[in-house]
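**Q** Let's see this in three dimensions:
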Amino acid sequence: MNKTNREPRCPFFSVKPIHGISALIMAASLSIAAEDAAQQRTIGFQPLEIHTFKPGASRLTIDDLNQDGLDDVIFANNNVSRLEILIRKPNFENLGDLPALEECFDDCGIIVDQGIGDLHVEDLNNDGRKDLVTFGGSLGLQIRYQQADGSFAEPDPFFMKDLSEISAIRFKDLNADERKDLVICRR
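**A** Down below sits the predicted model:
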């Protein structure tokens, strides 16, 4: 077969040209799949939501903390020594105007004892609830386990040597024992 008569190749599926119909069907199916995915999410661009946070917001994380199917917002605010935890209200209905933050979320933020340089949401004790992990240069790694009522326990410190040399932390089950392992990257 010469180069001009080759069939187009795709690593995920085969495409056989039938007078341009296959491209049209694929584009239509991708469009429908994108619409279905957008309708399943509650955070997004329709209806429009714009929220302004206080100066100092960093380490923004979007996750479903209480497993109600709605995205919650978690971020560090080192200017006021807080870990901001915004739990989306289940019965919020946007009627077209830009909603106030209090209309959409319950503020469950907590005071922190160190500047937060890294933030993770993970189920570290395999209880089915997502826990909050923060890392900072003065106290190191702290784990706040989520309680049955949705609140978070006092931080459980995790000793680490030479905090100033740590550049990143991640959690992953590396040895397939169904428990998260801590991976530390040092400078």
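**Q** What are the boundaries of the helices in this structure?
**A** Secondary structure of the chain (DSSP state H): helices at 21-40, 101-104.
**Q** among the ones you listed, where is the model least confident on average?
**A** Of all the helices of the chain, the minimum mean pLDDT falls on helix 21-40 (a mean of 43).
**Q** so the nearest residue to residue 156 once chain neighbours are set aside bridges to which residues?
**A** Excluding the flanking residues, the one nearest residue 156 by C-beta to C-beta, 6 or more residues apart in numbering is residue 143, at 4.6 Å. (Each C-beta comes from the backbone N, C-alpha and C, glycine too.) Going by DSSP bridges, residue 143 is paired in beta bridges with residue 133, residue 156.
**Q** residue contacts, residue 143?
**A** Counting by C-beta atoms under 8 Å, 6 or more residues apart in numbering, residue 143 touches 124, 131, 132, 133, 155, 156, 158.
**Q** these two touch, right, residue 68 and residue 90?
**A** Yes - applying C-beta atoms under 8 Å as the test, residue 68 and residue 90 come out as touching, 6.0 Å apart.
**Q** Of these two, give the one with the bigger neighbour count.
**A** residue 68 (14 against 10; other C-beta atoms under 10 Å).
**Q** neighbours around residue 152, how many?
**A** Per other C-beta under 10 Å, the neighbour tally for residue 152 reads 19.
**Q** Tell me the pLDDT of the nearest residue to it once chain neighbours are set aside.
**A** Leaving aside its sequence neighbours, residue 152 sits nearest to residue 144 (C-beta to C-beta, 6+ apart; 4.1 Å). Note on residue 144: pLDDT of 95.
**Q** wait, what's in contact with the closest residue to residue 174 other than its chain neighbours?
**A** The shortest distance from residue 174 to any non-neighbouring residue, by C-beta to C-beta, 6+ apart, is to residue 181 (4.5 Å). Taking C-beta under 8 Å, 6+ apart as the contact definition, residue 181 lies against 171, 172, 173, 174, 175.
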